[in-house]
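In: sequence below, structure please.
(chains A and B)
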Amino acid sequence: KAGVTQTPRYLIKTRGQQVTLSCSPISGHRSVSWYQQTPGQGLQFLFEYFSETQRNKGNFPGRFSGRQFSNSRSEMNVSTLELGDSALYLCASSLDGTGEETQYFGPGTRLLVL
Amino acid sequence: AQSVTQLGSHVSVSEGALVLLRCNYSSSVPPYLFWYVQYPNQGLQLLLKYTSAATLVKGINGFEAEFKKSETSFHLTKPSAHMSDAAEYFCAVSDSTNAGKSTFGDGTTLTVKP
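Out: Have a look, this model is predicted:
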């Protein structure tokens, strides 16, 4: 089976712009979670989608949003980019998103905001 | 609420020496515990997980961890370090009440000296 894929792998944007990141989960996985990884804050949970519905979200401002399509692919969007949004954005998929399931991570999208 | 504390942001061992990476957790409900490894510019790869079965868990690449409820610990060990073990290691906790969410520790960078 193919692993979790994320596109693009690298992105450079300027402050005030918006960005959309894409995640394709492992075939058959219906849960997709997004995380932000920075040197200062570590790995922080953004949100989780299951069957096109957001089931859980972390403590991020409303500029961070996401969606999931019927084929379980997910996108996350960040509007009005700030310098502090520079980070590695990781998505992870699992079958149903239950706590004991293994989350399979993609390679991440590295976003640099100038 | 969940939290994870990894003691020691940097650990250095000699090749062939014991590896011990410490993880303590806090959870208000029965936890599921995970250890992940991250190589530069890559996503996270699961090493092993505890899901309330055996308290001693064996993972890939010779790693194992023991769940100790009384000490709220889930330390990662490997009897003999290899150069290829040099990477960043993350301990994470999840539970049945938070769909798709894992809470991560700050990570421990393992250096292996020849």
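
In: give me phi/psi at B:Ser84?
Out: phi -70, psi -10 (degrees, to the nearest 10).

In: now A:Arg73. Nearest residue, chain neighbours left out?
Out: Spatial nearest neighbour of A:Arg73, chain neighbours left out: A:Ser24 (5.1 Å); criterion: CB to CB, 6 or more residues apart in numbering or on different chains. Glycine gets a C-beta too; all of them are placed from N, C-alpha and C.

In: for B:Gly62, give me the backbone phi and psi.
Out: According to degrees, to the nearest 10, B:Gly62 has phi 80, psi 10.

In: what pLDDT does it get?
Out: Note for B:Gly62: predicted pLDDT of 96.

In: ok, A:Thr7 next?
Out: 97.

In: what's the answer for the one 10 residues further on, then?
Out: Each residue has a pLDDT score; the one for A:Gln17 is 98.

In: number of nearby residues for the nearest residue to it once chain neighbours are set aside?
Out: Nearest non-adjacent residue to A:Gln17, counting by CB to CB, 6+ apart: A:Leu81, 5.2 Å away. Using other CB atoms under 10 Å in any protein chain shown, A:Leu81 is surrounded by 19 other residues.

In: need phi/psi at A:Leu81.
Out: Main-chain dihedrals, A:Leu81, degrees, to the nearest 10: phi -60, psi 140.

In: show me what contacts the residue of chain A found nearest chain B?
Out: Taking CB to the nearest CB, chain B has its nearest neighbour within chain A at A:Glu48, 2.9 Å off. With contact taken as CB atoms under 8 Å, 6 or more residues apart in numbering or on different chains, A:Glu48 is in contact with A:Ser31, A:Val32, A:Ser33, A:Trp34, A:Gln54, A:Arg55, A:Asn56, A:Lys57, A:Gly97, B:Ala99, B:Gly100, B:Lys101.

In: over to A:Gln36?
Out: A:Leu43, A:Gln44, A:Leu46, A:Phe60, A:Ala87, A:Leu88, A:Tyr89, A:Leu90.

In: rewinding a little: my read is that the residue nearest to A:Gln17 contacts A:Val19, right?
Out: Yes: counting by CB atoms under 8 Å, A:Leu81 does reach A:Val19; the two are 6.4 Å apart.

In: identify the contacts common to the two.
Out: Shared contacts of A:Leu81 and A:Val19, counting by CB under 8 Å, 6+ apart, come down to A:Lys13.

In: what are the bridge partners for B:Phe93, then?
Out: Residue B:93: Val, not Phe. With DSSP bridges as the criterion, B:Val93 is bridged to B:Leu33, B:Thr103.

In: kind regards, and thank you for your time.
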